[in-house]
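Engineer: show me how the following folds:
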Amino acid sequence: MAVAGLTVAAVVVLALLVGVHRYLWCRFVGDTTAEGSALRRTGTVAAWLLPLLAIGALVSGRTGAPFWLQRVLAWPGYLWLAALLYLTLALLVGEAVRPILRRVLAGRANESSRSNRPSVTKVLTPEAADAPAADILVADAPAADTLAAPTRRLFVARAVGGAAAVAGLGTVGYGTYGVLRGPRVKRITVPLAKLPRSVHGFRIAVVSDIHLGPILGRAHTQRIVDTINRTQPDLVAVVGDLVDGTVADLGPAAEPLAQLSARQGSFFVTGNHEYYSGAAQWVDHVRELGLHPLENARTEIDGFDLAGVNDIAGESEGQGPDFDRALGDRDRTRAAVLLAHQPVVIHDAVAHGVDLQLSGHTHGGQLWPGNLIAGLANPTVAGLDRYGDTQLYVSRGAGAWGPPVRVGAPSDITVVELASLQA
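Structural biologist: Alright, predicted model coming up:
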């Protein structure tokens, strides 16, 4: 049954992709270019090549393709996926504009025609030179209608297609710039009832979803590390999805993490993507870089407990989250901060008396309207929420998965300042 379900889903997705690409070809190529023209041939080749590059980018990493090939396919393939989304949305908006524009142009053509009606003059025909003058019609030549019906259709197709291309590609370009520029720092204050006064103002730099891979590499890591260090945090929390690839391919890209500086150290928990990339090897590697992995474990920080649980994806390897192991025997009079990649484990955190859970995973939706979809699968998509006596903060993440593009969900590093409510 599972195989049959996956097959049906694959067929539906494939049919959808074919349909969307056919629609884009019709609007951008078929409606705007002449048959047999160089532009039409170029557009048709692109309509076949771009989806193949996108599929190659998606499957190359999972199939163990050489890392150089992954990098070759990643930029054009993933960027096309983002462009496909926003070009389609822009064209759908254009469908509402298209009939209005046609009516406006047709109305102007009718007004022009009425203003150039034939005039009447009196002439004397040569055959009736001696007869009374004969009245005949002599039509002044009407102004040429430069937007006859076929021309109007072409004009509208090109105008709407051009505007959609500018809007869609401009959105992707701006979203790409936002990712490559690096995350911005957010600051929030979270009051904890059990936090002692002596720890008031303790600052945790939270970073999630860095997603080192065939597109985002060492320079991306260095930007993140430099940004974190400038905030001078007391503790750094790397909350999963550090990588999309193996230690062999991405080890050098992760090396700047060794430069992280915090008074109480830097801590790491796994995300789902670590389990696609060799989680055990990455846990060992980040430990070598000076981070402290919390694998269903807890450590005492001045004034509160810091715990971490493995990601849910680890259940496939028998290494899933174990809340009893991480939190079961602790002193509940102390405040507890939990690092957990996915927000969906918040109800386990509530049951174990956690005061604050720090998570990522959602990317804030990454590509609007992805936030609406992310909201269906996660209790909180981004920001601070409360569930019973437990507060949950979800970072939008510092990188991007798939397309290196963010729209409506800017990347962030969050400095969480803990506040004591004790007198």
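Engineer: tell me which residues in stretch 151-167 are buried?
Structural biologist: 152, 155-157, 159-161, 164-165, 167 (16 or more other Cβ atoms under 10 Å). (C-beta placed from N, C-alpha, C; glycine too.)
Engineer: right, I mislabeled it, should have said stretch 404-422
Structural biologist: For stretch 404-422, by 16+ other Cβ under 10 Å, it's 404-407, 409, 411-418, 420.
Engineer: and of the residues you listed, the nearest to residue 17?
Structural biologist: residue 405 (18.3 Å; Cβ to Cβ).
Engineer: residue 196 touches residue 303, doesn't it?
Structural biologist: Yes: with contacts counted by Cβ atoms under 8 Å, residue 196 reaches residue 303, the gap being 4.7 Å.
Engineer: where exactly do the helices run in the chain?
Structural biologist: 2-25, 38-60, 67-114, 149-181, 218-230, 247-254, 279-288, 323-327, 346-351, 370-377 (DSSP state H).
Engineer: redo these as JSON lines? Include distance to residue 385 and mean pLDDT.
Structural biologist: Below are these laid out as JSON lines (distance: least, Cβ to Cβ, whole Å; pLDDT from 0 to 100):
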{"stretch": "helix 2-25", "distance to residue 385": "31", "mean pLDDT": "84"}
{"stretch": "helix 38-60", "distance to residue 385": "32", "mean pLDDT": "94"}
{"stretch": "helix 67-114", "distance to residue 385": "28", "mean pLDDT": "89"}
{"stretch": "helix 149-181", "distance to residue 385": "25", "mean pLDDT": "92"}
{"stretch": "helix 218-230", "distance to residue 385": "24", "mean pLDDT": "98"}
{"stretch": "helix 247-254", "distance to residue 385": "31", "mean pLDDT": "96"}
{"stretch": "helix 279-288", "distance to residue 385": "28", "mean pLDDT": "97"}
{"stretch": "helix 323-327", "distance to residue 385": "19", "mean pLDDT": "96"}
{"stretch": "helix 346-351", "distance to residue 385": "8", "mean pLDDT": "97"}
{"stretch": "helix 370-377", "distance to residue 385": "12", "mean pLDDT": "94"}
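Engineer: distance to residue 387 added to these, as TSV?
Structural biologist: Below are the helices of the chain laid out as TSV (distance: least, Cβ to Cβ, whole Å):
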stretch	distance to residue 387
helix 2-25	32
helix 38-60	35
helix 67-114	32
helix 149-181	30
helix 218-230	28
helix 247-254	33
helix 279-288	27
helix 323-327	15
helix 346-351	5
helix 370-377	15
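Engineer: which residues touch residue 308?
Structural biologist: Each residue near residue 308 by Cβ atoms under 8 Å, 6 or more residues apart in numbering is listed here: 267-269, 293-298, 326, 338-340.
Engineer: now residue 334
Structural biologist: Residue 334 neighbours (Cβ under 8 Å, 6+ apart): 194, 303-305.
Engineer: model confidence for it, exactly?
Structural biologist: At residue 334, the predicted lDDT confidence score is 95.
Engineer: cool, and the one 10 residues further on?
Structural biologist: At residue 344, the model reports a pLDDT of 97.
Engineer: which ones are touching it?
Structural biologist: So residue 344 contacts 312, 377-379 (Cβ under 8 Å, 6+ apart).
Engineer: and it, how far is that from residue 94?
Structural biologist: The gap separating residue 344 from residue 94 is 38 Å, by Cβ to Cβ, to the nearest Å.
Engineer: ditto for residue 55
Structural biologist: Counting by Cβ to Cβ - residue 55 and residue 94 are separated by 27 Å.
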